[in-house]
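Novice: need coordinates for the following:
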Amino acid sequence: MSRALLEASVNRSGLVDFTVSIPTVAMWERDQKCEAVISDAMRWANQVTGHSSGACLFGDIEELLPYRTFDPSWTYSRKLQATLQCAGTSPWGHCTFHAQTCSTGKVSSMDVSGLPCPDMSLAGKRRKRAGSTNGVYCARGKYVTQHKVPIVITECTPELDMGLMEDTHPEHHMFQMFAEPGDVGFAATARRRTWVIGMHQDRSTIRQDPYELLESVKGLFANDPTTVQDYLVASRAEVLLEASQLAQKRRIPFQADCLDLTYLLTQREKETAAALNARFQEQFGRNAELEPALVYHLGDSATFGSWSAVSGRIPTYRVGAKSSVYWLPHYKRFLTAKEKLISMGWPSVPEIASSMHVPLFGASDPRRAGDLLGNAMHMQICGLMQLLALVSFSPNL
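Specialist: Have a look, this model is predicted:
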C-alpha cells in the first residue's frame, strides 16, 4: 500500500519528467488468515495507481528452498551452510491469487520485507540467530541473492541481529537506519523500528547518502506533531459496536446506552487501570481521569507501566494488538481498531484519505481493522524508506 501511495504521489507531484511505475510482482505470507487482508490491500493499491500488477501471493517463503534443505531442529550455522550450498530456490510455487502454480522468478528491482521480530525482541528472549525464525532469514536471503535483487529493504525491531542479516545476504551492503512515526509527524504513536537498506554489490550504485536524506526529512515534520486526541475519530456507534463485540467475547451483558466501558474490563484490567491511576497521581500530582491524552496498555502489568504518561505516545502495538485493550481513562473507553489504524497512518477516515489523494480504506468492521493492524508497518514510514532507497541507490542496468 505504501508503495502504491509513493508511486501515485511522485507521479502527481510533477517533479519528474517520466512516469514512475513500481509494480508489486510477488508476495510471501505463511499465515493463511492474512490472505483476505492482503487481497483487500492490493485492490486498494490498484485503485491508487490506476493499474493492476497481476501480483502473485505465495505461502511460506521457506518452501522456496529445496525439500529438506535443513531440519528445523538444526543449529543456525548448520542451516546457514545448507542454505548457501543448496542448488537454489524453487522456480515455481502455488499462488493464492491466481489459484494455480506460478513462477517465483519475478523480475524485481526492490524487495521490501518485514522479517520475523519475536526472536529479536525482549519478549522473545532475544534469541536472535539462535531462534526458531532464522530459517525465514535464510530463505529470503537466498532468494534475493540468487536473483540479484538490486535493492532490499528490511523492517524489524531495533534489536535486529545484523550479523544474521549479513550472513544470509552475502552480496548486499547493508545500511542500517532507525525511524519512528514521530519522524513523519505521528508523534503520539510509539513504534520505533530499524530499517535496513541492502545495496547489491554488483547491481546497485549509491547516489545519495541515505542517512543525510532521512535527517532532512525528519526536520520537515518537527513542528507539526500529532497528539493522542488527533487519533480519537470513532463515532458513538463505532465505539458501541466494538463494545458489543467485546461483551459477547467476554460473555458480559452488553449495555447499549453506556459509553463508560469500565464494566467490560476483566478484574485484572480494572486493577491495572486503578494502579496506574494511583501511580499517575503520585508521580505527576494530577488526576489521571482528567488527562485526555493518557493511554494505558492493560495487557501489561501496572509494575511494567506501559502508558503514555511520560512519552506522550500510545504504547507500542504488539502481535496481540488486535485484542489488547488500550485504555483511555479520561474517556473511560478503549481505543477502537480504526483509531489504532489512524495512528499507524492508514487512510481510514475521509479527511485523511482526501489529504493523501487516495480512496478511503474502510475500517468500520472492528475485526477487519484488527486484522489489518497486526504486525503492520507504519504506512508513511514504510513509504519514506522506499523513497529513500530509490533516491539513494540506483540499479546498474
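Novice: for the rest of this, base every contact and every neighbour count on C-alpha atoms.
Specialist: Noted.
Novice: tell me where the stretch 201-350 of the chain has helices.
Specialist: 210-220, 236-250, 267-284, 337-343, 350-356 (DSSP state H, counting those that start in this stretch).
Novice: could you say which of these is packed most deeply?
Specialist: Sort these by mean neighbour count, taking mean count of other C-alpha atoms under 10 Å, and helix 337-343 sits at the top with a mean of 25.
Novice: pull the distance from it to the chain's centre.
Specialist: Relative to its chain's centre, helix 337-343 lies at 13 Å (C-alpha atoms, centre = their mean, to the nearest Å).
Novice: for it, name the packing helices and strands.
Specialist: helix 366-373 (3 or more C-alpha pairs under 8 Å, 6 or more residues apart in numbering; DSSP states H and E).
Novice: average pLDDT across the helix it packs on?
Specialist: For helix 366-373, mean pLDDT rounds to 69.
Novice: just send the helices of the stretch 201-350 of the chain back as JSON lines, with mean pLDDT and distance to residue 70 too.
Specialist: Converted to JSON lines, the helices of the stretch 201-350 of the chain look like this (pLDDT from 0 to 100; distance: least, C-alpha to C-alpha, whole Å):
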{"stretch": "helix 210-220", "mean pLDDT": "93", "distance to residue 70": "36"}
{"stretch": "helix 236-250", "mean pLDDT": "95", "distance to residue 70": "41"}
{"stretch": "helix 267-284", "mean pLDDT": "97", "distance to residue 70": "44"}
{"stretch": "helix 337-343", "mean pLDDT": "92", "distance to residue 70": "38"}
{"stretch": "helix 350-356", "mean pLDDT": "94", "distance to residue 70": "46"}
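Novice: I'd like those helices as TSV, with distance to residue 149 appended.
Specialist: Below are the helices of the stretch 201-350 of the chain laid out as TSV (distance: least, C-alpha to C-alpha, whole Å):
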stretch	distance to residue 149
helix 210-220	19
helix 236-250	43
helix 267-284	48
helix 337-343	31
helix 350-356	30
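Novice: for residue 62, find the nearest of these.
Specialist: helix 337-343 (29.8 Å; C-alpha to C-alpha).
Novice: which of the helices and strands in this protein ranks last by mean pLDDT?
Specialist: When each helix and strand of the chain is scored by mean pLDDT, DSSP states H and E, helix 366-373 comes last, with a mean of 69.
Novice: what residue ranges in the protein score low on pLDDT?
Specialist: Scanning the chain for pLDDT under 70 picks out the ranges 319-322, 364-366, 368-371, 374-375.
Novice: tell me the residue furthest from the middle of it?
Specialist: residue 285 (36.1 Å; C-alpha atoms, centre = their mean).
Novice: for residue 193, which of the helices of the stretch 201-350 of the chain is the nearest?
Specialist: Among the helices of the stretch 201-350 of the chain, helix 210-220 sits nearest to residue 193 (C-alpha to C-alpha), with 13.9 Å.
Novice: tell me the helices and strands packed up against that closest one.
Specialist: helix 379-392.
Novice: could I get the helix it packs on in CSV with only the CA atoms?
Specialist: C-alpha atoms of helix 379-392 as CSV (Å, rounded to 0.1, in the frame of the first residue of the first chain):
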residue,chain,number,x,y,z
MET,A,379,2.4,3.4,6.3
GLN,A,380,4.2,6.7,6.0
ILE,A,381,7.5,5.4,7.4
CYS,A,382,7.4,2.4,5.0
GLY,A,383,6.8,4.7,2.1
LEU,A,384,9.5,7.1,3.2
MET,A,385,12.1,4.2,3.4
GLN,A,386,11.2,3.1,-0.1
LEU,A,387,11.6,6.7,-1.3
LEU,A,388,15.0,7.0,0.4
ALA,A,389,16.1,3.7,-1.1
LEU,A,390,15.1,4.7,-4.6
VAL,A,391,16.7,8.1,-4.3
SER,A,392,19.9,7.0,-2.7
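Novice: so how far is the helix or strand just after it off the chain centroid?
Specialist: Note on helix 379-392: by DSSP states H and E, the next helix or strand toward the C-terminus is strand 393-395. Centre-to-centre, strand 393-395 and its host chain are 25 Å apart (C-alpha atoms, centre = their mean).
Novice: okay, residue 246 and residue 238: tell me how far apart.
Specialist: For residue 246, the distance to residue 238 (C-alpha to C-alpha, to the nearest Å) stands at 12 Å.
Novice: okay, strands next: where are they in this protein?
Specialist: Applying DSSP state E to the chain gives strands spanning 26-28, 56-58, 92-95, 100-103, 110-114, 151-156, 172-179, 193-200, 204-206, 296-297, 326-328, 333-334, 393-395.
Novice: quick one: buried residues of the fifth one?
Specialist: Within strand 110-114, the residues that count as buried by 16 or more other C-alpha atoms under 10 Å are 110-112.
Novice: find the nearest non-adjacent residue to residue 344, please.
Specialist: With C-alpha to C-alpha, 6 or more residues apart in numbering as the criterion, residue 344 has its nearest non-adjacent residue at 4.9 Å, and that residue is residue 378.
Novice: one more: residue 248?
Specialist: Closest to residue 248 by C-alpha to C-alpha, 6+ apart is residue 254, at 7.5 Å.
Novice: who touches the one you found in this structure?
Specialist: 243-244, 247-248 (C-alpha atoms under 8 Å, 6 or more residues apart in numbering).
Novice: pull the most distant pair out of those.
Specialist: 243 and 248 (8.6 Å).
Novice: can you list the domains in the chain?
Specialist: Domains of the chain are assigned by automatic domain parsing as 2-226+375-395, 228-373.
Novice: quick check, nearest of the contacts of residue 254 to residue 173?
Specialist: residue 243 (49.0 Å).
Novice: that closest one and residue 372: what is the separation?
Specialist: 19 Å.
Novice: number of nearby residues for residue 60?
Specialist: Other residues near residue 60 come to 14 when the count uses other C-alpha atoms under 10 Å.
Novice: which one is it nearest to, not counting chain neighbours?
Specialist: Nearest to residue 60 is residue 30, by C-alpha to C-alpha, 6+ apart, at 4.2 Å.
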